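Participant: Okay, sequence plus prediction incoming.
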Amino acid sequence: MSSSGTGDASAEPDNNMKIIIAEDDERMQELVATIIDELDADVISSESSQHALDLIESMANVAVVITDLKMPFVDGVDVLRFARKVNPRTQVVMITGHGTVESAVEALKLGAFDYIRKPFDNAELYHTVSRALEHYRLAMENDQLRASGEEGQNHQLLFGKTAAMSQVEALTEAAAAYDCNVLVAGESGSGKELIARRIHTLSSRSKEAFVAINCAAIPENIIESELFGYVKGAFTGADRNKEGLFSRANGGTLFLDEINNASLSLQAKLLRVLQDRSFYALGDTEPKSVDVRVIAASNRSLQKMIETGEFRQDLFYRLKVIDIDLPPLRERRQDIPLLANFFLSRHALKLGKNVTGMSTRVLGALMRHDWPGNIRELENVVLRMAIMTSGKKIDEDVLPSEFATEEGASTTALDFISPQSLEEVEAYFIRKTLREQGGDRALTAEILGIDKSTLWRKMKRYQISE
């Protein structure tokens, strides 16, 4: 998402991540901005290296600075030092020309995230900046989590109240207590990475790095160098040694998302690392020892893939020391009100809106939906409604159109709800929430998004006792 380099910094929303381009060549500046335009951040081009320093100092949430190493007046190393001084979490990516590689390596020692050599490959630049952006985001989320004490809320978000999720919680805590590999299975959007992060946070490795990679998002010819790194001269263009993700995760946790997309060749190399706790960087003749706990996740049945020859059985059993099956959201509908209100509270705060809850009719519509995108889809729907609503409570007028057509849907998906009318659904929610909260009216009203007097009137109307 590009934005003007001369715009007023105060007009930028503080909750948006920013990428600042410090480059004195206007054509190169435009090329870099075009390549990274699709990233989920505001891309801001500076007019000069001095202007870049002004932007870094004045703007909130500067996630990544992309800077040319050689610039007049203020060079890339100065930009790096200044950016890291203003915010140690800001990631700096160097762009360097011929004859300046040694200076770029020195910049890495000063804290640069990585460097790209001209003429660069567009995909390499995009992928490097994407990783830097993710590194910043995770660092800031960890800081916010510690500062705001959200651990209890995130615990609710992860596990809810259903029996199936209680089993997931028990397995998660067991996996955290014992330093073994873990396999997490579940549909896309069901929270597999949240479970992996929870295991890492509760484990003895929590002070070391949590490194995540999506095996489906990176081309096969790149992913091995990302995982294992490479040495200078390993292939054309390998002009330096590069550290892989296994090395970065040393002492911590490596999360391999969508492991079902790993090629058979990559599976063999992963098996070797798990067996020997060592690996070879591409082009290296000496093995590197590593101490990493691997958590893998799959959105397909690996057992079925073994039967079709798509996945190695020996790797499967190496990963599956503890296996955790995450149920889809449609099988834990009782958790939807809790999750929906959690997301609403979080996004209303970020949006600066005083939205305190959602009507029971809206909750009923959410509970009737099958949620093919699971928790991720639910969060997106709640965010959309929070943006669209103009009142203090979300009501049916901001429900997406597909939810409005579901009122007459078959009740076979609602085996836990027998009532048909919206009034009966409302009464059901109130009884169920009261029961789960031990008769606590204040907490019940908060979860349902209504005030206590409204709850009392509805209890009288539906003849609900405590």
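Facilitator: Received the coordinates, thanks.
Participant: Would you list the phi and psi of T236?
Facilitator: Torsion angles at T236 (phi, psi; degrees, to the nearest 10) stand at phi -60, psi 130.
Participant: tell me the pLDDT at it?
Facilitator: Turning to T236, the model gives it a pLDDT of 77.
Participant: Count the residues that sit near it.
Facilitator: For T236, the count of nearby residues is 6 (other C-beta atoms under 10 Å). Every C-beta, even on glycine, is put in place using the N, C-alpha and C of the backbone.
Participant: now swap in V398 and tell me
Facilitator: Around V398 there are 16 residues (other C-beta under 10 Å).
Participant: wait, it sits on V382?
Facilitator: No. Judged on C-beta atoms under 8 Å, V398 makes no contact with V382 at a distance of 10.4 Å.
Participant: What helices and strands are in contact with the helix or strand that contains A427?
Facilitator: Counting by DSSP states H and E, the element that carries A427 is helix 422-436. Applying 3 or more C-beta pairs under 8 Å, 6 or more residues apart in numbering; DSSP states H and E, one finds that helix 422-436 contacts helix 360-368, helix 441-448, helix 452-461.
Participant: again, 7 Å this time
Facilitator: In terms of contacts (3 or more C-beta pairs under 7 Å, 6 or more residues apart in numbering; DSSP states H and E), helix 422-436 is packed against helix 360-368, helix 441-448.
Participant: out of those, nearest to L302?
Facilitator: Closest approach to L302 among the helices and strands packed on helix 422-436 (C-beta to C-beta): helix 360-368, 31.2 Å.
Participant: What residues sit buried inside the next helix or strand after the closest one?
Facilitator: Downstream of helix 360-368, the next assigned helix or strand under DSSP H and E is helix 374-388. Using 16 or more other C-beta atoms under 10 Å as the burial criterion, the residues of helix 374-388 that qualify are N374, I375, E377, L378, E379, V381, V382, L383, M385, A386.
Participant: Pull the most distant pair out of those residues.
Facilitator: N374 and A386 (19.1 Å).
Participant: so where's the stretch 301-450 of the chain shaky on pLDDT?
Facilitator: 404-425, 446-447, 449 (pLDDT under 70).
Participant: Can you give me the neighbour number for L319?
Facilitator: Based on other C-beta under 10 Å, the number of other residues close to L319 is 25.
Participant: how close does it get to L183?
Facilitator: Distance, L319 to L183, by C-beta to C-beta, to the nearest Å: 5 Å.
Participant: now L108
Facilitator: 35 Å.
Participant: can you check W371 too?
Facilitator: In terms of C-beta to C-beta, W371 sits 23 Å off from L183.
Participant: Please apply the same query to K320.
Facilitator: From K320 to L183 the distance is 4 Å (C-beta to C-beta).
Participant: When these two are compared, which one has more neighbours?
Facilitator: Neighbour totals were compared for K320 and L183, and L183 leads with 23 against 17 (other C-beta under 10 Å).
Participant: for the buried residues of helix 374-388, which one is nearest F210?
Facilitator: I375 (19.4 Å).
Participant: would you list every one of the strands in the stretch 101-250 of the chain?
Facilitator: Ranges of strands within the stretch 101-250 of the chain are 114-117, 182-185, 210-214, based on DSSP state E, counting those that start in this stretch.
Participant: Need the winner for burial among the ones you listed.
Facilitator: Of the strands of the stretch 101-250 of the chain, the one with the most neighbours on average (mean count of other C-beta atoms under 10 Å) is strand 182-185, at a mean of 25.
Participant: who does that one pair up with?
Facilitator: Using DSSP bridges, strand 182-185 pairs in its sheet with strand 293-298 (parallel), strand 322-325 (parallel).
Participant: can you tell which of those strands is closest to G283?
Facilitator: Using C-beta to C-beta, the strands paired with strand 182-185 put strand 293-298 closest to G283, at 23.5 Å.
Participant: Contacts made by that closest one with the rest, please.
Facilitator: Strand 293-298 has contacts (C-beta atoms under 7 Å, 6 or more residues apart in numbering) with 179, 181-185, 192, 196, 199, 205, 253-260, 274, 319.
Participant: Then stretch 370-388?
Facilitator: 187-191, 328-330, 336, 339-340, 343-344, 347-348, 351, 353, 355, 394, 398-400, 413.
Participant: Going by neighbour count, which of those residues are buried?
Facilitator: 187, 189-191, 328-329, 336, 339-340, 343-344, 347-348, 353, 355, 394, 398-399, 413.
Participant: Quick check: strands, which of these are part of them?
Facilitator: I394 (DSSP state E).
Participant: Next step: the buried ones among the contacts of stretch 370-388 restricted to helices.
Facilitator: I336, L339, A340, F343, L344, H347, A348 (DSSP state H).
Participant: with the buried residues of helix 374-388 in mind, which one is nearest to E169?
Facilitator: Using C-beta to C-beta, these come closest to E169 at I375, 15.2 Å.
Participant: I only care about the contacts of strand 293-298 that end up buried; give me the PyMOL line for that.
Facilitator: Those of the contacts of strand 293-298 that count as buried under 16+ other C-beta under 10 Å are selected in PyMOL with:
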select buried, resi 181+182+183+184+185+192+196+199+205+253+254+255+256+257+258+259+260+319
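Participant: quick one: I20 and E57 touch, right?
Facilitator: No. Applying C-beta atoms under 7 Å, one finds I20 not in contact with E57, separated by 10.8 Å.
Participant: what sits in contact with each of these two?
Facilitator: By C-beta under 7 Å, 6+ apart, no residue touches both I20 and E57.
Participant: and those two? which has more neighbours close in?
Facilitator: Between I20 and E57, counting by other C-beta under 10 Å, I20 is the more crowded of the two (26 against 14).
Participant: Quick check: phi and psi at the more buried one.
Facilitator: Dihedral angles for I20 - degrees, to the nearest 10 - are phi -110, psi 130.
Participant: For it, give the beta-bridge partners.
Facilitator: I44, V65.
Participant: Any idea how many residues pack against D440?
Facilitator: 14.
Participant: Then the one 4 residues further on?
Facilitator: Counted by other C-beta under 10 Å, the residues lying close to T444 total 24.
Participant: Now do the same contact list for it.
Facilitator: T433, L434, Q437, L455.
Participant: at 8 Å what do you get?
Facilitator: I430, T433, L434, Q437, L455 (C-beta atoms under 8 Å, 6 or more residues apart in numbering).
Participant: Touching, the third one and I464? I think so.
Facilitator: Put plainly, it is L434. Yes. Using C-beta under 8 Å, L434 is in contact with I464, at 7.0 Å.
Participant: who has more neighbours, the two?
Facilitator: L434 (22 against 14).
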